[in-house]
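*Asks:* Next input, structure requested:
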Amino acid sequence: MGRRGSRYERQRTHTVRPRWTWIALLVLLAGLVVTAVGNLQGSGAWMTIGVAALVVGGALALYGGFFYDVQGGALTGQLKDAAEGSEHEFPDATTLRSEEEVKEDVHRRWLHDQ
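*Replies:* Residues are numbered from 1 along each chain as shown. Down below sits the predicted model:
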């Protein structure tokens, strides 16, 4: 979904959902902790639960766009996006844009200029 007159219309973009990336991070961390505790206790049941949480966290991370290299703003802005359930379109790594287009995008997205 690109803006009119932008190269986004011809280039592949990725959707990043901050709310889901934060949830995925928490689920992945919880899965890691449960897996480690299960390993230390020698409990196959806890390790299975932890690995299942890691798989679910990985699926959530894929849905949220966790694995795309996206520059974020301040933590408060990211938390605001997560609370609002915002979605952002970011260009693919192979996208070539002019310097003016990049500056315009930065001002619009991160500095909230119009």
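*Asks:* any low-confidence regions in this protein?
*Replies:* 1-11, 69-79, 81-82, 85, 87-97, 109-110, 112-114 (pLDDT under 70).
*Asks:* List the contacts of residue 49.
*Replies:* Taking CB atoms under 8 Å, 6 or more residues apart in numbering, we find residue 49 in contact with 34, 38. (C-beta placed from N, C-alpha, C; glycine too.)
*Asks:* Let me fix that, I meant to ask about residue 63.
*Replies:* Taking CB under 8 Å, 6+ apart, we find residue 63 in contact with 17, 20, 24.
*Asks:* change it to 10 Å
*Replies:* With contact taken as CB atoms under 10 Å, 6 or more residues apart in numbering, residue 63 is in contact with 15, 17, 20-21, 23-24.
*Asks:* then stretch 45-55 to CSV, C-alphas only?
*Replies:* C-alpha atoms of stretch 45-55 as CSV (Å, rounded to 0.1, in the frame of the first residue of the first chain):
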residue,chain,number,x,y,z
ALA,A,45,6.9,-31.2,30.4
TRP,A,46,8.2,-27.7,31.2
MET,A,47,10.6,-27.8,28.4
THR,A,48,7.8,-28.8,26.0
ILE,A,49,5.7,-25.9,27.2
GLY,A,50,8.6,-23.6,26.8
VAL,A,51,9.3,-24.7,23.3
ALA,A,52,5.6,-24.4,22.4
ALA,A,53,5.7,-20.8,23.7
LEU,A,54,8.8,-20.2,21.5
VAL,A,55,7.0,-21.5,18.5
